[in-house]
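S.K.: My questions are about this predicted structure, shown below with the sequence.
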Amino acid sequence: MEARVERMVHQRMEAEWQRMDEENRLRMEQMFQYMQNIATATSMGTPLPQPPMIFPPPQPPTHTPNQSVASNTQAQDPDLSQRFAGMPPH
């Protein structure tokens with residue numbers, strides 16, 4: 001069982017490494033093409049091309065951290081509010 005889990009983890013890591021290598025290769029290719037376009041634009045006196053988006057913009061969060069903990073949708077504990085009802089506020 002443990003060997004199977006290790007094999008699965010290794011396969012996932014291997015797939016992630018391959019994905020990252022492919023992304024890096026693509027970024028390097030885009031940057032190389034951009035640099036060639038700069039050289040061409042400079043020699044011909046044309047406007048410089050837009051740089052490639054090397055890293056995608058961060059995605060907006062889909063939820064706030066600790067959303068389940070911070071939610072106030074449950075009713076308050078009636079025993080607790082009764083217990084502190086006679087205490088003066090701070």
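M.R.: Received, thanks. On a predicted model such as this, the values are computed, not experimentally measured, just so you know. Residues are numbered from 1 along each chain as shown.

S.K.: residues contacting Met35?
M.R.: Residues near Met35 by Cβ atoms under 8 Å, 6 or more residues apart in numbering: none. Where you see a C-beta, it was placed from the backbone N, CA and C, and this is true even at glycine.

S.K.: element containing it?
M.R.: In this structure, Met35 is located in helix 2-44 according to DSSP states H and E.

S.K.: what do you get for Thr62?
M.R.: Thr62 belongs to no helix or strand, assigned by DSSP H and E.

S.K.: Show the model's pLDDT score for it.
M.R.: Thr62 carries a pLDDT value of 74.

S.K.: Could you check how far it is from Arg19?
M.R.: Thr62 sits 22 Å away from Arg19, going by Cβ to Cβ, to the nearest Å.

S.K.: Could you do Met31 as well?
M.R.: Taking Cβ to Cβ, one finds Met31 at 19 Å from Arg19.
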